[in-house]
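1. missing the sequence, but the structure's below:
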């Protein structure tokens with residue numbers, strides 16, 4: 001393993017947190033924020049209005065657990081300001097293979113450029 005070729009890719013909620021990990025973990029040499037929800041509060045509030053209590057079985061129980069929220073009001077409070085103004089669509093789910101290829105190419109090219117700059 002080459003310690004100069006360690007990166008992080010995060011999608012969905014991971015796309016929100018991957019850049020933060022990259023900012024503080026110096027062993028990471030590149031990062032991909034793959035389509036985080038632009039506005040967590042807005043997305044979840046829309047889901048709740050459209051699909052109610054169970055968009056999928058135990059969805060809200062899982063969401064509350066992930067966020068450490070005690071209930072819907074607590075969750076809303078925790079996520080109200082969580083947004084990526086200037087962000088993108090959620091993980092390109094409608095065209096995943098195309099986007100995955102572009103990201104993989106970018107990662108390979110970036111690591112190659114980093115290696116070339118180290119040996120120059």
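-> Good, I have the coordinates. What you see is a predicted model, and the numbers here were worked out from it, not measured in a lab.
2. what comes up buried for the worst-scoring helix or strand of the chain on mean pLDDT?
-> One helix or strand of the chain scores below all others by mean pLDDT, DSSP states H and E: helix 40-51, with a mean of 83. The neighbour-count check on helix 40-51 (16 or more other C-beta atoms under 10 Å) flags 40, 41, 43, 44, 45, 48 as buried. Bear in mind the C-beta positions are built from the backbone N, C-alpha and C, glycine included.
3. next secondary structure after that helix?
-> Next along the chain after helix 40-51, taking DSSP states H and E as the criterion, comes helix 59-67.
4. contacts for that following helix, please.
-> 13, 44, 53, 54, 69, 70, 71, 72, 74, 75, 78, 79 (C-beta atoms under 8 Å, 6 or more residues apart in numbering).
5. pull the number of nearby residues for the fourth one.
-> In other words, residue 54. 10 (other C-beta atoms under 10 Å).
6. that older thread, so which of the contacts of helix 59-67 belong to helices?
-> Among these, the ones falling in helices (DSSP state H) are 13, 44, 72, 74, 75, 78, 79.
7. how much space is there between the last one and residue 67?
-> Which is residue 79. 7 Å (C-beta to C-beta, to the nearest Å).
8. with the second one instead?
-> Applying C-beta to C-beta, the value for residue 44 to residue 67 is 10 Å.
9. likewise the fifth one?
-> Here the distance between residue 75 and residue 67 works out to 6 Å (C-beta to C-beta).
10. also residue 107?
-> For residue 107, the distance to residue 67 - C-beta to C-beta - is 29 Å.
11. residues contacting the residue nearest to residue 99 when sequence neighbours are not counted?
-> Take residue 99 and drop its neighbours on the chain: the residue closest to it by C-beta to C-beta, 6 or more residues apart in numbering is residue 92, 4.0 Å away. By C-beta under 8 Å, 6+ apart, residue 92 lies in contact with 34, 35, 98, 99.
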